[in-house]
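In: No sequence on hand, only this structure:
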C-alpha cells in the first residue's frame, strides 16, 4: 500500500484500501500475490516503478474480473475509484442473488485444487522489524549483495554486477564490510522510519545492502565494544557524500533513542544549517561541499545520544568574492536575498531590489529573476529560519547574522578610482559613496573610518606611524580580504554556537565516559577545466583520506600477517605515500615551498612555478610545455593540471590591522566578538569567548581625531594577536587542519563508504562503464575485494577476545586464561569457520565479528531476563521486610505516644480536681465565717459545666468540672439547691430566672436541661459538691425526680460512699479515662488491665477512676474532719429556705 503511492506527501485514505483489494483479488485468482518470491525491500523498489500488476493468466478469467482488478490498481490515487463506485461495477453487481450458488461453486473449485496439488506451500509474508526475515533462495540475494562472494573476480564481473543492480535501483553493494554507494540522481523511498526499523540490530545478510546497515554496524560496534567509531565517506564531487552523511545522522539519531525529542530535532537540523553556509553550486554538483566537516555524535555507554559536535576545516572563502564560470556563491546569499525580498525588507538591509550585488551577480544576468521567481529559494530561507529556531539561536543573534551577510554584499559593491596629483598618482578614493554608506550602516560602523581603512594603511617604523595610501588594486584586495574575513569568522562562530547549544549535559558526561561516532563529509576529488589553489587543497585532503583507507585496509593488515606468522598471499595495491610526502614534507614539500615563496614581497606566481620545478623532482609532478603558469600532479584519481595564477595572494590571505580595528568599533555586538576572539592553528575562531576590552575597540591615532588618546602600542599589538597575522598562511592552516582531522579519525574504528558517480551528466538510471571503472581503479575497490576475500579484517588480541566473548563458552563465575585454548573453545562453541590463530591475536573474517556479536547479544539477553526476575523477587522480599519493620516501628511509636498522652491527661485531671477541692474548702470556710444571711448575686454564673452528653436513649452519666468561684456564687448555688428541694415550682422558677440572668453559665440547669427534656431518658450529673453522709438521699435539686417528670430529666446519680454498690459507666469518655487510669496504674505496678472500649464497666470502691470522678472524695480525711460544716446541709438548707 505504501509503495504503490506515487504522491508520498499524501495521507492514507480509503483509496489505499482499494489498491489492497486489487492485490487481494490477484492473490485469490493466482494463489499468490504479485512479486511474492521477491525480497520485501526489493518489492518496495519494484512496485512504484513498474506498471500495475495483473493476473498471471488473464485469459483464464472473465472480462469483468480483469476490469475490476485494473480499476482497483490504478496507480494515480486521484483517478482510482472509491469503494462506493466499485459497488456499481458489473463484477460486483453480478453477485446479487447468486450467493449460495457461488459458494457451492467455490467450494467445488477448492476441493478440486486440493486433490490436484496436495503439497502445501510454505508462505513467508511477514516483515518483522527486529527479527531475521527468511525467504526461499535467500542465499541467492546475499551472493549478489556482496562482491566478495563472486566466483569470478575481475573488472568486467564487478562492473556487470554493479550495472545490473543499478538498473534495478539497488544502489548499494557490499565489498566485505565496505559499502559502495552509487548516486541514483533521484529521490528513492527507502529512507523512511519503516526502513530504519528494518535495519536495527539485525544480521547484515538479513536485508539488502543499505546505508542504514553501515550506520547500524558502527552503532552496534560502539555499544558492544565500548569503543569510538569513525565513518569515512569518500568519493568524487557529485557522488552523493553529503546526502549519505545526512542519512547516517538520521539513522544514528533513530538508533540513539534520545529521551529528549528536541535534541534529536536539533541534531537533524545541524547539517541543513551548516550546508547552507558552506555549500554552493559548482559546474558538476548543485550542492557541493566547499569545506570539510567532521560531525561527532556523542552517546552514553548504553547507546543513548546525548549531544553532537562539529569540526569544520578549510572553508573556501575565496568563493565569496569570485566564482568560476557556471558556478555560484554560497547558498545562504541567495536564500537570504529571496527571503528578505519576499518579506519586503531589502531596504532595511540596504540591498538593491533590481540590480544584484556584485558578489552574487552572474554573466547571464538572471540572478535577480531567479531570486524573485523561484519558490525554492524562499522555501529554503524559511527552512533556515526554522533551523536557527530549532537549534536555539536567539532572534537577536539571527538578526545580527543577517546584517553581517548583507554587509558583505554591500562591501562588494564598493568601487575605487585612482586620484592623480602632482606628487602622487597611485592614491585611491571611493567615487560612489552610496555603497560605502550602505555597508557602514548595515555593519554599524563609521563610513569615514571604513573609507580610511580601505584606501590607506598604517606602517610603524622605528616607533613612528606612517600612513600610506593604497592603490586601486590594493584597496580592492583589502575590500575582498575584509569580505572573506567577515564570512569565514561568521561561519566559525555559527559552528561554535551550534557546538555550545548541542553539547551534552554536564551531569550526563560526569556520570560515565561517553563514546562517539564520527562522520567525515569532506569535499570530493575535483578536476575542472581550470583548477586553482582551492582544488589543490581539496585534492591533497582527498589524498590523505585515500592514504588512511589504504593503511587500514591493506598496509596494517599485511604487516600483522608477517608479525603473527600468518600464511597469507600479499595483495598488491597502489600506495600514495610518496605523493603525500611530496605535498607535506618539510622543507622541500610543495606546501613548504609555497609558504617560503609567500614570505618574499617580490615573489610572483612565475617564480613560484619555477621553484616547484626546481625542487619537486619526482614522477608525480610535471610542467606542461608551452604553458607558463601551470603545473601538473599525478593524483591517485588521475592527472590534474593546476593554474598558478593568484596562488601566492590566495595563500597569503592578509587582513590589515586597520580593518580589524575599525570593525571592532561596530555597535553590532556579534561583529565586535568576531574580531576579538583569537584564531586557532586551523584558522577558525577559538571556542572560548574573548573579552572585548576598551583598548581592543580603540582606533589608531590617525583615525581618532578629536577623540580621547589611547595606548598606541596596545592598539597595534592586540589586532595582530587576535588575527594571527604572524605570518600565518592558508597552507599552514591547511596543514594543521589535516593533522587535527586525522587525530580525530585514528581514535575510532573505521567504517568506509565509497561513493561512486555513475555519470557526469547527473542523469538517473544512466551508467557509464568507463567513468565507474576509473573510480573503482582509483579508489582501489578491486584490490579491496581481493583482500576482503582472502584476508582477515579483524585482528583481536587473545586477552581482549577472551574478555569480550568468554560468555559464549564459559560460565559467568569462571575466569578463563587469555590463551589459545580459551580462544579455540569460544570459536568452536560459536561454530565459526575459516578463522586463524596467530602468536598473540585471533584473525577473523569480516563477517565473523558480526556473528559473534549477535551470539553474545543473545546470551546477554537471557542473562538479563534471569537477572530481572531475580532482582524483582529480591526487591519484593526486601520491600516486605521493610514494610513489616515500618509497621512495627509505627506501632511502637503510637504506643509510646498514647501512654505519654494518657499520663499527661490524667495528671491534668488530677490537678484540676485538687484545685477544685482546695477552692471548695476555702469557700466553705468563708461561708462559716460570713453567716447564713450573706447577700446572693442573682446573675452569678454556675461553675458546673457539662463536659459531655449522650445521644437519646443512652444511659450515660454527665461529668461536671468545678471551676473557681467566689463566696457569693457558692452560697447562691447552695441556696438554690435547698429551695428546690422544698418546692418543685420554686425550683422551676429559680431555674428559669438563673438561665435568664446568666446565659453563659449554669450549663446544667439552663443549657442542657432544655435539650435533654425532649428525650427524657438521659441522666444528668452535676457535682457541685458532695453532701454530708446524712444527706445522701437528697438529689442535687432536692427531691428525687423520675424519668417521666415534667422537666424531662432522668434521675440524678447521687454520690455514694465507697461501701456502696459499684458504679455503672457506659460513656466513651468514662471508658477512655478508665483505660488511661488503668494503664497508669499498670505502669505503677498494678495488675489491673484495661478493658475494651464501649463495654459497661463495673468499678469497685477501690478504683482510682471512681475516686477521681468526685473532687470532694479526693480531699484527705483530715481536711474533711477539720471542716465538718462543708458536708452539713441542714444549716445551709435552712438558710436557703429562708431566702
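Out: Yep, it's here. Predicted model, so just to flag it, every value in this text is computed and none were measured.
In: Once you drop chain neighbours, what's closest to residue 682?
Out: Distances taken as Cβ to Cβ, 6 or more residues apart in numbering place residue 737 nearest to residue 682, at 4.5 Å, with adjacent residues excluded. To be clear about C-beta, it is placed using only N, CA and C from the backbone, and glycine gets the same treatment.
In: Is the one you found within a helix or a strand, and which one?
Out: helix 730-745 (DSSP states H and E).
In: how close does residue 534 sit to residue 315?
Out: To residue 315, residue 534 is 10 Å away according to Cβ to Cβ, to the nearest Å.
In: ugh, wrong one, I meant residue 53
Out: Applying Cβ to Cβ, the value for residue 53 to residue 315 is 51 Å.
In: Which one's more surrounded, the two?
Out: Set side by side, residue 53 and residue 315 show more neighbours around residue 315, with 22 against 18, by other Cβ atoms under 10 Å.
In: Give me the spatial nearest neighbour of the more buried one, chain neighbours excluded.
Out: Closest residue to residue 315 apart from its sequence neighbours, by Cβ to Cβ, 6+ apart: residue 291 at 4.2 Å.
In: how close does that neighbour sit to residue 734?
Out: Distance of residue 291 to residue 734, computed by Cβ to Cβ: 12 Å.
In: shared neighbours, the two?
Out: Common neighbours of residue 291 and residue 734 are listed as residue 314 (criterion: Cβ atoms under 8 Å, 6 or more residues apart in numbering).
In: buried set for whichever strand or helix holds residue 436?
Out: Here residue 436 sits within helix 433-443, counting by DSSP H and E. In terms of neighbour count (16 or more other Cβ atoms under 10 Å), helix 433-443 has its buried residues at 435, 436, 437, 438, 439, 440, 441, 442, 443.
In: Contact partners for the residue nearest the centre of the chain?
Out: Centroid-nearest residue in the chain, with Cα atoms, centre = their mean: residue 260, separated by 2.7 Å. Residue 260 makes no contacts at all, as judged by Cβ under 8 Å, 6+ apart.
In: mind checking how far it is from residue 502?
Out: With distances taken as Cβ to Cβ, residue 260 is found 11 Å from residue 502.
In: With residue 219 instead?
Out: For residue 219, the distance to residue 502 equals 19 Å [Cβ to Cβ].
In: Between those two, tell me which one has more neighbours.
Out: residue 219 (24 against 20).
In: does that one sit in a helix or strand, and which one?
Out: Going by DSSP H and E, residue 219 is in helix 211-225.
In: Same question for residue 557.
Out: Secondary structure (DSSP H and E) places residue 557 in helix 556-564.
In: So which other helices or strands are in contact with that helix?
Out: Using 3 or more Cβ pairs under 8 Å, 6 or more residues apart in numbering; DSSP states H and E as the contact test, the elements touching helix 556-564 are strand 794-797, strand 841-844.
In: Show residues contacting the helix holding residue 737.
Out: By Cβ under 8 Å, 6+ apart, the residues outside helix 730-745 that reach it are 230, 232, 292, 294, 296, 311, 313-314, 518, 520, 533, 537, 540-541, 544, 548, 584, 591, 594-595, 598, 650-653, 681-683.
In: let's see it at 6 Å
Out: By Cβ atoms under 6 Å, 6 or more residues apart in numbering, the residues outside helix 730-745 that reach it are 230, 294, 313-314, 537, 544, 591, 594-595, 651, 653, 681-683.
In: Okay, buried residues for that helix please.
Out: By 16+ other Cβ under 10 Å, the buried positions in helix 730-745 come out as 730-738, 740-741, 744-745.
In: What are the boundaries of the strands in the stretch 501-650 of the chain?
Out: Per DSSP state E, counting those that start in this stretch, the stretch 501-650 of the chain carries strands over the ranges 515-521, 621-622, 630-635, 638-643.
In: Can you list the neighbours in contact with stretch 345-360?
Out: Stretch 345-360 has contacts (Cβ under 6 Å, 6+ apart) with 329, 333, 340, 367-368, 406, 409-410, 412-413, 438, 441-442.
In: Quick one, which of these are buried?
Out: 329, 333, 340, 367-368, 406, 409-410, 412-413, 438, 441-442.
In: Pick out whichever of those sits closest to residue 794.
Out: Among these, residue 329 lies closest to residue 794 (Cβ to Cβ), at 46.3 Å.
In: hmm, back to that, which neighbours in the sheet does the next helix or strand after the helix holding residue 737 have, and how are they oriented?
Out: Sequence-wise, the next helix or strand downstream of helix 730-745 (DSSP H and E) is strand 749-756. Counting by DSSP bridges, the strands paired with strand 749-756 are strand 178-182 (parallel), strand 229-235 (parallel).
In: Just want the angle from the longest one to helix 211-225.
Out: Relative orientation of strand 229-235 and helix 211-225, computed by axes from the mean of the first three to the mean of the last three Cα atoms, to 10 degrees: 150 degrees.
In: how far off strand 515-521 does strand 229-235 point, in degrees?
Out: Interaxial angle, strand 229-235 versus strand 515-521 (the same axes, to 10 degrees): 10 degrees.
In: which parts of strand 229-235 are buried?
Out: Using 16+ other Cβ under 10 Å as the test for burial, strand 229-235 gives 229, 230, 231, 232, 233, 234, 235.
In: what's the offset of stretch 571-584 from the middle of its chain?
Out: Here stretch 571-584 shows a centroid-to-chain-centroid distance of 43 Å under the convention Cα atoms, centre = their mean, to the nearest Å.
In: Offset the numbering so it begins at 192, please.
Out: New numbering, starting at 192: the last item is stretch 762-775.
In: Mind listing residues that contact that stretch?
Out: For stretch 762-775, using Cβ under 6 Å, 6+ apart, the contacting residues are 731, 734, 737-738, 745, 780-781, 809, 811, 827, 971, 974, 977-978.
In: for the stretch 1092-1241 of the chain, what are the low-confidence residue spans?
Out: Scanning the stretch 1092-1241 of the chain with the threshold set as pLDDT under 70 gives 1119-1241.
In: let's see it at 80
Out: Residues of the stretch 1092-1241 of the chain meeting the criterion pLDDT under 80: 1115, 1117-1241.
In: before we move on, back to that, tell me how far the residue nearest to residue 506 lies from residue 642.
Out: Taking Cβ to Cβ, one finds residue 482 at 32 Å from residue 642.
In: Comparing these two, which residue is more hemmed in?
Out: residue 482 (23 against 19).
In: That one touches residue 510, doesn't it?
Out: No - using Cβ atoms under 6 Å, residue 482 is not in contact with residue 510; the gap is 10.1 Å.
In: Can you check what angle separates whatever helix or strand residue 1048 lives in from helix 402-416?
Out: Element membership of residue 1048 [criterion: DSSP H and E] is helix 1039-1121. With the same axes, to 10 degrees as the basis, helix 1039-1121 and helix 402-416 are set at 60 degrees to each other.
In: Show me what helix 1039-1121 is packed against.
Out: When contacts are defined as 3 or more Cβ pairs under 6 Å, 6 or more residues apart in numbering; DSSP states H and E, helix 1039-1121 packs onto helix 1158-1173, helix 1259-1274.
In: follow-up on the earlier one: quick one: distance of the helix holding residue 627 to the chain centre.
Out: Centroid separation for helix 624-634 versus its chain: 43 Å, with Cα atoms, centre = their mean.
In: And whichever helix or strand comes after that helix, what's buried?
Out: Sequence order places helix 638-646 as the next helix or strand after helix 624-634, per DSSP H and E. Residues of helix 638-646 classed as buried: 638, 640, 641, 642, 643, 644, 645, 646 (neighbour count, 16+ other Cβ under 10 Å).
In: Switch those residues over to JSON lines; also include pLDDT and distance to residue 1091.
Out: JSON lines is the format used below for these (pLDDT from 0 to 100; distance: Cβ to Cβ, whole Å):
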{"residue": "638", "pLDDT": "92", "distance to residue 1091": "88"}
{"residue": "640", "pLDDT": "92", "distance to residue 1091": "86"}
{"residue": "641", "pLDDT": "93", "distance to residue 1091": "87"}
{"residue": "642", "pLDDT": "92", "distance to residue 1091": "92"}
{"residue": "643", "pLDDT": "91", "distance to residue 1091": "91"}
{"residue": "644", "pLDDT": "91", "distance to residue 1091": "88"}
{"residue": "645", "pLDDT": "92", "distance to residue 1091": "92"}
{"residue": "646", "pLDDT": "91", "distance to residue 1091": "96"}
